Structure formats: structure tokens, C-alpha cells
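Q: Build me a structure from this.
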Amino acid sequence: MRLKLCCLEGRNRWTALHYAASRGRVDIIREMLLACPESIEDVNVQKETALHVAVKNSQFEAIHFMVKRVREMKKDEIFNMKDELGNSILHLATWRKERQRKKKMTIKHVVEWILDGYTGGANAIVELVNVVNQSGLTALDVLLIFPSEAGDREIEEILKAAGGRRARDMSLSSTPSFENNSTTITDLSADNLVEHFKFKRGRNSPSDARTALLVMAVLVATATFQAGLNPPGGVWQDTTLDGSPGNPSHDAGRSILGSYKSVKYLLFMLFNTIGFSVSIYVIAILISNFPFKWEFRVCIVAINFTYVTAITFMAPRNMWLPLIVFSIVFPFLVPHVFKLFVRLAKLLKRISEISGIQNHLNTVSELFCCEDNPLHIASTSGHVNFVKEMISLKPSFAKEVNQHGFSPLHFASAIRNLKVVKELLKRDRKLCQLEGRNRWTPLHYAASRGRVEIIREMVVACPESTKVVNVQKETALRLAIKNSQFDAVNFLVK
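A: Have a look, this model is predicted:
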């Protein structure tokens, strides 16, 4: 029972191990892990393990010791655990790098310790360094978005050598494998089954999708063709010229339903003809690049003519004309009807989005009050159209800073999203003077990374921004010189 005392939770669910890790008490950490090894997995309210806390507080000796213990216990999953913001220990290490040269190697040491102790193989290591947080950023993204001083390049090389990439590069180049989609149906809840079996671009082969569509179209065409030739109630087997109230006059081969309920028969055939015509149209599109495509099209026309002839013959005489006109004209209208429906759907979706976004902006703003607002995320991803919508609907988003002290323009300038930068400055040229973490403006970040094209836009929009200094009393020019960004220095001097 005493051994479990180190797992006892206190304020904010912090255990004794959390406190020891935050202070770097290696001797105490050693005793606790020997007594209760599973305490290394305990998380606080922020979902932080003791290892997260040690990294956040730059307790290098504690980090080194706990990494070795994790390796000895063969609990690699500890390295992949995320806090409430989705940050792994690598995210925290790259973000909380210190300015002193002595501490500049923090991320190098942490990465080396983890890679040395990771037993999952090369693929697992690549997955580890490319873990994405809730803002959609990898450790390499965090490093490039939040630069500090000279030395970032060395850290960048270490991450890339371990297989680290930016999130947008992974989304462009990743090709899902069988192993990544090996989740069995029994592992899925009922709510996820529909989503699991939906067609997804990139996951499902276009060839397989075309084959599936062709099979479904053929099945629908077959079913509707048979329904047209065998309507409900069947057909008369004899001819009766003298009808009666219970037995109307009819010819052999005519529809029984049409003789009694001509309107219902007409509606049945109209909808059946729509299904048949659309399925034939889909088949014609799918086989457009097949060999013998013209021969197939002749077959399709012949089948369509057979269908029209059959349903017209079985229909009551007063229904011939509307059925003939509809069944002949509608197949030619199918492409235009589809285009009309697509445009209508887009219009309705647009109207819904505009009204819905305006109604929910306040809720979204509260949701992101301590994190990134939608404009932060759009600026990071480079979605210019979404940026325009957000600014027009909620201009205050452009001036908001997240919990780390960064505005949307800080993000856009740091990762070279020129179109987003132009759009933001077009709305408010003073945004380039907005101070963030350590009083760095977007121009400071652009200068430190040598983003000449972004520097040009900011200087043209707000020339006085070149005089703004950060906490260290450094202007954008000084930062460019400090980081050896010669092109940026040349432009700023001119």
C-alpha cells in the first residue's frame, strides 16, 4: 500500500512524481520509479506525464533519467503520449528551447535520448517525430514557426535526420498502406461504421471505385429494366373488348395496373424510367474510355429503345403520349439535370455556411479562447478563401493572439504564406506591428527567417514597423543580421 503513495493525486491531479520531475529531483524520481514503475504513466489535469513536466521545466537530468527508465521498462508508448493540446515531448522541447547556448542543445539531447531508447524500429521512430498536435503541427513545424536565435538550423537537421517532416509535406506525400487501415469491423463502433466504409480520395483506388460504380449502375439498370417489363400486377393474358366495371376492356400484354389505376401506373413508370435513364447515363460515362466504346453505346441505345417500346406497349392508350415523350426526352436531359442539381446543392451549401458561420462565431471564439482561433488555423494551412471569410465575418480574429502570444499574421509570416499575409495586411496594415511573445512582431519573424517577399509586403504596408523593437531591444534588421539572413539585410538596408 505504501508503494502506491507516489501515485496519490493532489491539486490538479499532480502526483508526487510530477512535482519531483518539475524540480529535477533525480534521486527522488529514482526512488519513486523503483517503488511504483507505473507512476510514469500518470497524467495530471492537463494530461501531462512527469516526462512532459520535466521537459516544460527544462530539467535535463530528470529527462535523461526518465527516458532511460522508460527504455528499461520497454514502455515506448510513453514517448507518444500527448497533453491536452496534443503536444508530445518533442513538441514541448522544440517550443520551449532556451536562449542560452548551453541550453540550446536541449532538443538535440532529448531527441538523441529518445531515439536511442526507442525499440519500435525505424518506422515507429518516424511516426514519433512526426506526431501532429491539435493545431496540426509536427515538432519540425513548431521549430520553424517559433524561431528563437541562431542554432535552430542544427536542431532542424537533427529532426530531419530522424525522419521529421512538416505536416503539410506529409499530407501531400503520404499514401496510406494496408497496415494503416487494418482496423477490423469488430473494432469499430456503430457510429463509425458508415464513416469507415465511405469512399475516401487517396485511400481508395479510383480504378476500384469505377468498378464498384459500374457494378451498381448495371444492377440498377437491370432492376429497373425488369420492373418496366414486369410492372406490379403483371399483364393481361387475354383480350377483352367488351369491358365491365369489374373487368375493364383490355388487350393481351397490357398492364393490369394500368387498366385499373392508370395514374398510379404512369407515376410508377415515370420514376422507374428516371432510375433506368440515370443508370444508363452512368454506365455510358464509365465506359467512355473502354475499348469498343462505340459498340457498347450502340447496345445502350438499343436497350433504351427496347425499354421505351415495351413500357409504351403495356401502357393504356391514354398514357402512350406522355410516356413516349418522357422516356425519349429525359435521357437527353440527364446531364443538364445533374449540372442543375450540383449548382443548386452548392448554392444551398454556401447559404448554409454563411448563415451558420455567423451564428456560431461567438461559440467558436470561446472554444478557442485559450488556443488558436479559426483564423490562426487557416493562416497556418494557407486557406486564403477561408481567411477572407473569417476576416469579413469576424475582423477581431485578426488581432487575437493565442496562449503562446502569436497572431494569425505571426503564423503566416513565419511559414511563408504570402497570400495570407497580403490578405491580412489588406484588411489592416497595422497588423504587422502587433506584438506577440517577447514582443516579437510578424516582421521580426519574417526577418529572422529571411522571408524577403513577406518583409517587402510589410514594409510597404507599414514602413514604421521597421523601428519596432522586441524585449531584447532588437529591430527586424538586427535580427536579420543576427541570423545571417543576407538577402533580408540587403533589402532592409535599402
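Q: Below-threshold pLDDT in the stretch 351-494 of the chain: ranges please.
A: 352-372, 380-382, 403 (pLDDT under 70).
Q: Check which element follows the helix or strand of the chain with the lowest mean pLDDT along the chain.
A: In the chain, the helix or strand scored least confidently by mean pLDDT, DSSP states H and E is helix 190-197, which has a mean of 45. Scanning forward in sequence from helix 190-197 by DSSP states H and E, the next helix or strand is helix 206-229.
Q: Tell me the helices and strands packed up against that following helix.
A: helix 262-286, helix 293-314 (3 or more CB pairs under 8 Å, 6 or more residues apart in numbering; DSSP states H and E). Any C-beta I mention is one placed from the backbone N, CA and C, and that applies to glycine too.
Q: The longest one vs helix 293-314, what angle?
A: To tie it back to what came earlier, the one meant is helix 262-286. When axes from the mean of the first three to the mean of the last three CA atoms, to 10 degrees is applied, the directions of helix 262-286 and helix 293-314 differ by 180 degrees.
Q: For helix 262-286, which residues meet the burial criterion?
A: 262, 265-266, 268-269, 272-284 (16 or more other CB atoms under 10 Å).
Q: Okay, angle between it and helix 206-229 too, please.
A: 150 degrees.
Q: surely Phe296 meets Ile287?
A: Yes. Counting by CB atoms under 8 Å, Phe296 touches Ile287, with 5.2 Å between them.
Q: what sits up against the helix or strand harbouring Lys426?
A: Counting by DSSP H and E, the element that carries Lys426 is helix 418-427. Outside helix 418-427, the residues that touch it by CB atoms under 8 Å, 6 or more residues apart in numbering are 378-379, 382, 384, 387-388, 391, 395, 398, 408-409, 412-413, 431-432, 442, 453-454, 457-458, 461-462.
Q: Sort out which of those residues are buried, if you could.
A: Here, 16+ other CB under 10 Å leaves 378-379, 382, 384, 387-388, 391, 398, 408-409, 412-413, 431-432, 442, 454, 457-458, 461-462 buried among the contacts of helix 418-427.
Q: any idea how far the nearest residue to Gln472 once chain neighbours are set aside is from Phe268?
A: Of all residues not flanking Gln472 in the chain, Asn438 sits nearest, at 7.6 Å (CB to CB, 6 or more residues apart in numbering). As defined by CB to CB, to the nearest Å, Asn438 lies at a distance of 74 Å from Phe268.
Q: Ok, Arg449 next?
A: 68 Å.
Q: Over to Ala345?
A: Taken as CB to CB, the span from Ala345 to Phe268 is 27 Å.
Q: Could you count how many residues lie near Thr312?
A: 16 (other CB atoms under 10 Å).
Q: wouldn't it be in contact with Pro322 here?
A: No. Contact between Thr312 and Pro322 fails when scored by CB under 8 Å: they sit 10.2 Å apart.
Q: OK, contacts around the closest residue to Ile311 other than its chain neighbours?
A: Excluding the flanking residues, the one nearest Ile311 by CB to CB, 6+ apart is Gly228, at 4.9 Å. Residues near Gly228 by CB under 8 Å, 6+ apart: Met269, Asn272, Thr273, Phe276, Tyr307, Ala310, Ile311.
Q: got those as TSV, with distance to Val45 and pLDDT columns?
A: Output for the contacts of Gly228, formatted as TSV (distance: CB to CB, whole Å; pLDDT from 0 to 100):
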residue	distance to Val45	pLDDT
Met269	66	87
Asn272	61	91
Thr273	63	90
Phe276	61	91
Tyr307	67	88
Ala310	72	85
Ile311	69	85
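Q: and the strand or helix carrying Val460, what does it pack onto?
A: According to DSSP H and E, Val460 maps onto helix 452-461. Contacts defined by 3+ CB pairs under 8 Å, 6+ apart place helix 452-461 against helix 408-414, helix 418-427, helix 442-449, helix 486-493.
Q: quick one: buried residues of the last one?
A: Think helix 486-493. By neighbour count with 16+ other CB under 10 Å, helix 486-493 contains the buried residues Ala488, Val489, Phe491, Leu492.
Q: The third one now?
A: Applying a neighbour-count criterion of 16+ other CB under 10 Å, one finds Pro442, Leu443, His444, Tyr445, Ala446, Ala447, Ser448, Arg449 buried in helix 442-449.
Q: outside of that helix, which residues touch it?
A: With contact meaning CB under 8 Å, 6+ apart, helix 442-449 is reached by 144, 147, 407, 409-410, 412-414, 416, 421, 431-434, 436, 451, 454-455, 458-459, 465-466, 468, 470, 474, 476-477, 479-480, 482-483, 485, 488, 492.
Q: Report the angle between that helix and helix 452-461.
A: Using the same axes, to 10 degrees: helix 442-449 against helix 452-461 is 150 degrees.
Q: distance between helix 442-449 and the chain's centre?
A: 28 Å (CA atoms, centre = their mean, to the nearest Å).
Q: just the last one next, same as before
A: The chain centre lies 37 Å from the centre of helix 486-493; the measure is CA atoms, centre = their mean.
Q: For it, enumerate the helices and strands it packs against.
A: With contacts taken as 3+ CB pairs under 8 Å, 6+ apart, helix 486-493 sits against helix 442-449, helix 452-461, helix 476-482.
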